[in-house]
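> coords below, sequence missing:
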């Protein structure tokens, strides 16, 4: 399958960078075609432009500045996101990728009455989010109620790719991990990918 691997960390030698490499190796080992989109390395601008916003509800969304990213998203059958969770949300560059690339005519269509949107990412079969958090697991689960997972599962994939199977792997207390913990988590990533059809 065609896999789009999107990473969003400013440091090449980061834990997220290592986990992205583990994911890429697992995807390649199972025969998937992998396209890696490193948002920081590409210098992706997260800010929605005035032209993009003006065209949001017109007949044609102005995707000229993100046409290549949009084409890669449209073609993807698998989407793997690797990113840190900061303040229980997405890094700004990844949020901007959603704002600009998951636009109308790309990820969805507006309904004629501006009601529920119509999904366009019908090729997308699997999505995996791999994230690191400095907090303990119980803060994310019980106090914040996993906000990043809810946005990905319900707001983004749930509306733009409802047939897509979504999984999320979160590595907690990531600022002080033993090497064997990282190795075990990398194995979880590989196992998850191997179980896809």
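Cool, the structure landed. Computed from a predicted structure; not experimentally measured. Numbering: from 1, shown residues only.
> Please count neighbours and contacts with C-alpha atoms only from this point.
Will do.
> Quick check: most distant residue from the centroid of this structure.
residue 113 (28.9 Å; Cα atoms, centre = their mean).
> Tell me the bridge partners for the residue nearest the centre of the chain.
Geometric centre of the chain, nearest residue: residue 81, 3.6 Å, by Cα atoms, centre = their mean. Beta-bridge partners of residue 81, counted by DSSP bridges, are residue 6, residue 129.
> hang on, isn't it packed against residue 126?
No. Residue 81 is beyond contact range of residue 126, at 11.3 Å (criterion: Cα atoms under 8 Å).
> can you map out the strands along this protein?
For the chain, the strands defined by DSSP state E cover 2-7, 33-38, 78-84, 108-109, 118-119, 126-132, 165-171.
> Could you identify which of the ones you listed is most buried?
Highest mean neighbour count of those: strand 78-84, a mean of 24 (counted as mean count of other Cα atoms under 10 Å).
> can you pull the contacts of residue 65?
Contact criterion Cα atoms under 8 Å, 6 or more residues apart in numbering gives no residues in contact with residue 65.
> Now do the same for it: its pLDDT.
Residue 65 is assigned a predicted lDDT (pLDDT) of 96.
> Then the one 4 residues further on?
At residue 69, the pLDDT value in this model is 97.
> so it sits right up against residue 103, yeah?
No. Residue 69 is beyond contact range of residue 103, at 11.2 Å (criterion: Cα under 8 Å).
> Which one of the two is surrounded by more residues?
Comparing residue 69 with residue 103 by other Cα atoms under 10 Å, the one with more neighbours is residue 103, at 21 against 16.
> Got the confidence number for the more buried one?
Looking at residue 103, the pLDDT reads 96.
> one step back: how about TSV for the strands of the chain, with distance to residue 143 and mean pLDDT added?
Supplementary listing: the strands of the chain in TSV, determined by distance: least, Cα to Cα, whole Å; pLDDT from 0 to 100:
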stretch	distance to residue 143	mean pLDDT
strand 2-7	27	98
strand 33-38	31	97
strand 78-84	19	98
strand 108-109	32	96
strand 118-119	31	96
strand 126-132	17	98
strand 165-171	16	98
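> Would you quantify the distance from the residue nearest to the centre of the chain to residue 145?
The gap separating residue 81 from residue 145 is 20 Å, by Cα to Cα, to the nearest Å.
> Next: residue 127.
20 Å.
> likewise residue 38?
Remark: distance between residue 38 and residue 145 (Cα to Cα) = 28 Å.
> quick revisit: would you reformat the strands of the chain as TSV and include distance to residue 181?
Supplementary listing: the strands of the chain in TSV, determined by distance: least, Cα to Cα, whole Å:
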stretch	distance to residue 181
strand 2-7	21
strand 33-38	25
strand 78-84	17
strand 108-109	39
strand 118-119	38
strand 126-132	13
strand 165-171	9
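> and residue 52, which of those strands is closest to it?
strand 108-109 (15.0 Å; Cα to Cα).
> Since that was my last question, I'll sign off now.
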